[in-house]
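> okay, here's the prediction I keep looking at, along with the sequence it came from:
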Amino acid sequence: MWYSLAMRDNKWLADLLFRLHAEYYADVPIMNLVLVRFARASKTRLGSIIARPRKGHKEMVTTITINELFRNEEEVPEYVIIATLLHEFAHYAHGFHSPLPQKYRYPHRGGIVNKEIRARGGGEILKQQESWIKNSYKPFLRSKRLI
Ligand SMILES: [Zn+2]
């Protein structure tokens, strides 16, 4: 099978998460199998993370999913996906849906996810993503006749 360069498929997504782990979360050990893929086109949900048992694995398997609509490389900037992956991996680092010790009682309360991302140097990317979601996401959805 041929791959085009930087085509937004699941392999590209996994490579991106691998690089982001090295760049932003190198001190956070990956303790179990972590899978990532595009799934569930959604108007509201950018990504998700869940750990569950899986056949053939003793440990829980963590699955990170990214909104299928973000595959669109002409219209959705890469930083939208990067910020979403940084968000989902912050949960992993905090011990939600990962074998790591749970650091907080609730996954989002007190803005802990964005604080984590900012502390790791992702503040600018976060701002870019927020601005795209605020200004461009609705027109994008409208152009696809999703709203
Ligand atoms: Zn979250």
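It's in. Residues are numbered from 1 along each chain as shown.

> span of stretch 108-128 from start to end?
20 Å (Cα to Cα, to the nearest Å).

> residues in contact with the residue minimising distance to the centre of the chain?
The residue lying closest to the centre of the chain (Cα atoms, centre = their mean) is L85, at 2.2 Å. Neighbour list for L85: 16-17, 20, 36, 47, 64, 66 [criterion: Cβ atoms under 8 Å, 6 or more residues apart in numbering]. Placement of C-beta: from N, CA and C, glycine included.

> so how many other residues sit close to G122?
Neighbour count for G122, taken as other Cβ atoms under 10 Å: 24.

> how about it, nearest residue that isn't a chain neighbour?
L86 (5.0 Å; Cβ to Cβ, 6 or more residues apart in numbering).

> if we can go back for a sec, can you tell me the helix or strand for the residue nearest to the centre of the chain?
helix 78-93 (DSSP states H and E).

> low-confidence ranges in this structure?
Within the chain, the stretches with pLDDT under 70 are 1-6.

> what's the neighbour count on the closest residue to L46 other than its chain neighbours?
Setting aside the residues directly before and after it, L46 is nearest to T84 in space (Cβ to Cβ, 6+ apart), at 4.6 Å. Neighbour count of T84, defined by other Cβ under 10 Å: 21.
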